[in-house]
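Engineer: Curious how this folds, go ahead:
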Amino acid sequence: MDKILIKFFTFWLFVAGTCSAVNITDLRVPATHVVNGDPLMLDCVYELAPDETKLVVKWLLNEQQVYQWIPGSRPYSLNVMRNRIDEKHEASAEPEKAHRALVIAKPTWNMSGEYTCVVDSFQSSARKSSILQIVVPPEELSIKEKKEAETENEEEAEVTCEADDAYPEPQLSLQFRNGDN
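Structural biologist: Numbering: from 1, shown residues only. Prediction:
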């Protein structure tokens with residue numbers, strides 16, 4: 001009889017735990033974002049069981065907290081995101097989901113990394129992560145050629161390519177064409 005009671009109790013805890021839970025249904029983090037003056041939006045779509053209380057939404061960048069929102073209070077940004085988050089943006093009309101999204105007004109190269117959304121309540125917790133690469137195109141790109149020497153069979157030249165203020169560091173390659181091709 002005790003084994004049956006223990007199995008029933010374990011089953012009940014399992015069912016109660018799965019019926020009353022925060023569930024992140026979609027984490028919207030692009031794989032890359034090219035810096036072009038537009039804001040960057042990361043969204044954490046979640047569902048709540050009716051009995052969930054004392055909700056807290058957090059965003060982490062490389063396991064360091066950068067954003068927190070508790071329904072009923074204003075969201076705030078921390079660390080590298082301080083003063084870079086649009087705290088007025090509302091992702092949903094539902095009061096317990098209004099400020100779930102992280103809108104970065106002016107993303108910079110050092111905001112690349114693993115983003116994690118954490119949704120906690122007194123009853124349960126959920127987290128999901130995704131990697132984001134911020135790409136900063138070069139402000140100026142220049143290619144210069146300087147002929148070194150020329151013989152009947154060969155031509156030597158020095159080619160210099162410069163890309164200023166780009167991230168990640170560009171990988172450049174040079175291809176040669178022989179003859180009239």
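
Engineer: surely A91 meets C117?
Structural biologist: No. With contact defined as C-beta atoms under 8 Å, A91 does not count as touching C117 (11.7 Å). From N, CA and C alone the C-beta is placed, and that goes for glycine too.

Engineer: Name the residue in these two with the higher neighbour count.
Structural biologist: Neighbour tally, A91 and C117, criterion other C-beta atoms under 10 Å: the higher count belongs to C117, 27 against 17.

Engineer: quick one: contacts for the more buried one?
Structural biologist: Shown in contact with C117 (C-beta atoms under 8 Å, 6 or more residues apart in numbering): 24, 27, 42, 44, 46, 57-59, 100, 127-129.

Engineer: ok, so what distance separates it from V34?
Structural biologist: Distance of C117 to V34, computed by C-beta to C-beta, to the nearest Å: 23 Å.

Engineer: just E154 next, same as before
Structural biologist: According to C-beta to C-beta, E154 and V34 sit 41 Å apart.

Engineer: if you count what's nearby, which of those two comes out ahead?
Structural biologist: V34 (13 against 7).

Engineer: beta partners for that one?
Structural biologist: Residues in a beta bridge with V34, per DSSP bridges, are V135.

Engineer: That one touches P138, doesn't it?
Structural biologist: No. In this structure V34 lies outside contact range of P138 using C-beta under 8 Å: 11.8 Å.

Engineer: follow-up on the earlier one: find the residues that touch each one of A91 and C117.
Structural biologist: In contact with both A91 and C117: R100, using C-beta under 8 Å, 6+ apart.

Engineer: Contact partners for N23?
Structural biologist: N23 sits next to 46-47, 126 when contact means C-beta under 8 Å, 6+ apart.

Engineer: Can I get those in CSV including neighbour count, secondary structure and distance to Q133?
Structural biologist: As requested, the contacts of N23 are exported to CSV (neighbours: other C-beta atoms under 10 Å; DSSP: H, G, I helix; E, B strand; the rest coil; distance: C-beta to C-beta, whole Å):
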residue, neighbour count, secondary structure, distance to Q133
Y46, 20, strand, 25
E47, 13, strand, 29
A126, 18, strand, 25
